[in-house]
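Participant: Sequence and predicted model, in that order:
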Amino acid sequence: MPNCPNHLRLSQWALGEAAPDEHRSLAAHVQGCSRCAAELADIQHNLADYQSHAAREWQRLQARLAGPTAPIGWQRWRLPVLSVASVAVAASLAVILLPNPTTVVAPEVRFKGAVSLQVVAERGVEQFEVKANASLHAGDALRLVLAAGTPGQFGAVLVDAMQARTWLYPDPARAPRAPLQLSAAGTQPLADSFVLDASQGAERLIWLFCEPAVAGAELLRALESDIALAQFLQGAAAEQCHHGVLPFTKVVP
Amino acid sequence: MTDASHTVEELFHRYAPVLFDRCVRILRDRADAEDAVQETFVLAHRHLGSFRYGDSYLPWLYRIASRVCFKVLRTRQRKGFTLDGRTDAAPAPAPRPGEALDAQRQLVLLAQSVDERTFQILVGAYLDGMTQDEIADHLGISRRAVVKRLTQFRARFGVAKEGSDA
């Protein structure tokens, strides 16, 4: 049904949020389309159902919002917001990247500004922050939350025990190849999640954030090898960049 | 109550019913859908300052609700729940290549098999009836990214194009 409105548009129309001209065209369409008429009837049935106990649901939500951390049964996923506490926690995850990948590095902070990366893992119903030297499982899904005080560009790679690199950002299949562009400062949960494969051993997540003035190609080159990153960090562009390494061990449970 | 809470109250009374409809469509369980609406507004409250979509909050809330539903479906899968609420000894299997797509049923199964972004694209394409351009606009990604994910999905599971008989 190529001319049928999508469900979101029908819902907006049901709420009275359609523009006047769209309202007329949708009304005409629904009158002549049994499929859309049925879909609209479903929407209106569900609206009426919920509105019959919306006051109770609002009270329940108020209690959740008033609680300290609002723990909940099946849904414990929390997207962090920028705060002193979250930046401090995220900063503890960042360690200085040394050129020699075999060097054991204690968690340490080297930020020149308010830029940090938080890594959150999802395992079954459990979500937890990934700390340095954590033990992760094959199948764990990782999400990245970037907190940056300025707009900029971002790249990240996973380096496995065999020093093979898997690009997280940018998506290697996307062309043209360019760092992820972040047009505004703030805390931004990045869109994708990454499921760890079944290989085992020590791995590292390496990330690099640079202000817009730095060439995107230079940022990407820096993430292609440890040597390239070490050289990059010695150059002038590094003054406008922030980076970190999160080492972890991957096991098959 | 903070200003944000006031806004959440306004958003709740305006949009909670339609988000309930959205969650029922994906989850096919009214109790789970009510919980998903709650979680959607908890997340909206936390991110109200940074996520605004022009004059209408509904597309933004839709996206949050979809993410919440994705996690509910994954949890349901891991616990071995079937669509009718029975508990199986083992989680439902991933769809087999070539298996015909019954959009809602397969979305439950696919939540375990695809990443969240792909899941949101599939919901847009197969459940919400969005065009590829509409999906790209709704999710804030390129049309090329939508096409790529749909192509990969169809190739992996042998599924017909959205809008065709499958």
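Facilitator: Arrived safely.

Participant: all contacts plus neighbour counts: C-alpha atoms, from now on.
Facilitator: Fine.

Participant: after the lowest-mean-pLDDT helix or strand in chain B comes which helix or strand?
Facilitator: Across the helices and strands of chain B, the lowest-confidence element by mean pLDDT, DSSP states H and E is helix B:103-110, at a mean of 65. Where DSSP states H and E defines the elements, the next helix or strand beyond helix B:103-110 is helix B:116-122.

Participant: which residue sits closest to residue B:66, ignoring its sequence neighbours?
Facilitator: residue B:120 (6.7 Å; C-alpha to C-alpha, 6 or more residues apart in numbering or on different chains).

Participant: With residue A:116 instead?
Facilitator: Residue A:116 sits nearest to residue A:147 (C-alpha to C-alpha, 6+ apart), 5.2 Å away.

Participant: In which helix or strand does the one you found reside?
Facilitator: strand A:141-148.

Participant: by contact count, what packs against that strand?
Facilitator: strand A:115-123, strand A:186-195 (3 or more C-alpha pairs under 8 Å, 6 or more residues apart in numbering or on different chains; DSSP states H and E).

Participant: All the helices of chain B, in order from the start?
Facilitator: B:3-27, B:30-47, B:58-79, B:103-110, B:116-122, B:132-139, B:143-157 (DSSP state H).

Participant: mean pLDDT for those: which is lowest?
Facilitator: Note on those: lowest mean pLDDT is at helix B:103-110, with a mean of 65.

Participant: returning to that earlier point: looking at the helices and strands packed on strand A:141-148, which is buried most?
Facilitator: Counting by mean count of other C-alpha atoms under 10 Å in any protein chain shown, strand A:115-123 has the highest mean neighbour count of the helices and strands packed on strand A:141-148, with a mean of 22.

Participant: and the next helix or strand after it, what does it pack onto?
Facilitator: Downstream of strand A:115-123, the next assigned helix or strand under DSSP H and E is strand A:126-129. Other helices and strands packing on strand A:126-129, by 3+ C-alpha pairs under 8 Å, 6+ apart, are strand A:115-123.

Participant: Give me the helices and strands touching the strand it packs on, please.
Facilitator: helix A:84-91, strand A:126-129, strand A:141-148.

Participant: angle of the last one against strand A:115-123?
Facilitator: Right, strand A:141-148. Interaxial angle of strand A:141-148 relative to strand A:115-123 (axes from the mean of the first three to the mean of the last three C-alpha atoms, to 10 degrees): 160 degrees.

Participant: Quick check: mean pLDDT of strand A:141-148?
Facilitator: 86.

Participant: so it versus strand A:186-195, what angle?
Facilitator: Using the same axes, to 10 degrees: strand A:141-148 against strand A:186-195 is 160 degrees.

Participant: what number of residues lie near residue A:239?
Facilitator: 13 (other C-alpha atoms under 10 Å in any protein chain shown).

Participant: Actually, residue A:147.
Facilitator: Residue A:147: 23 neighbours (other C-alpha under 10 Å).

Participant: Double-check residue B:70 against residue B:111; I have them as touching.
Facilitator: Yes. Between residue B:70 and residue B:111 there is a contact at 6.2 Å, judged by C-alpha atoms under 8 Å.

Participant: Looking at the two, which is more packed in?
Facilitator: In this view residue B:70 and residue B:111 are compared by other C-alpha under 10 Å, and residue B:70 has more residues nearby, 27 against 24.

Participant: show me what contacts the more buried one?
Facilitator: B:111, B:116, B:119 (C-alpha atoms under 8 Å, 6 or more residues apart in numbering or on different chains).

Participant: which residue sits closest to residue A:189, ignoring its sequence neighbours?
Facilitator: residue A:145 (4.2 Å).

Participant: Return the set of residues that bridge with the one you found.
Facilitator: residue A:118, residue A:189 (DSSP bridges).

Participant: residue contacts, it?
Facilitator: A:79-80, A:117-120, A:187-190.

Participant: Include pLDDT when you put those residues into a markdown table, please.
Facilitator: Formatted as a markdown table, those follow (pLDDT from 0 to 100):
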| residue | pLDDT |
| --- | --- |
| A:79 | 31 |
| A:80 | 32 |
| A:117 | 87 |
| A:118 | 87 |
| A:119 | 90 |
| A:120 | 88 |
| A:187 | 78 |
| A:188 | 77 |
| A:189 | 81 |
| A:190 | 84 |
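
Participant: State the distance from the residue sitting furthest away from the middle of chain A to residue A:25.
Facilitator: Residue farthest from the centre of chain A, counting by C-alpha atoms, centre = their mean, is residue A:32 at 42.2 Å. According to C-alpha to C-alpha, to the nearest Å, residue A:32 stands 11 Å off from residue A:25.

Participant: again, but for residue B:156
Facilitator: From residue B:156 to residue A:25 the distance is 38 Å (C-alpha to C-alpha).

Participant: cool, and residue A:242?
Facilitator: In terms of C-alpha to C-alpha, residue A:242 sits 51 Å off from residue A:25.

Participant: The two: which has the busier surroundings?
Facilitator: Taking other C-alpha under 10 Å, residue A:242 and residue A:25 do not tie; residue A:242 has more neighbours (21 against 13).

Participant: For that one, list each beta-bridge partner.
Facilitator: residue A:209.

Participant: Model confidence at it, what's the number?
Facilitator: At residue A:242, pLDDT is 86.

Participant: thought it was touching residue A:115?
Facilitator: Yes. The criterion here is C-alpha under 8 Å, and residue A:242 meets it with residue A:115 at 6.9 Å.

Participant: Mind listing the shared neighbours of the two?
Facilitator: residue A:209.
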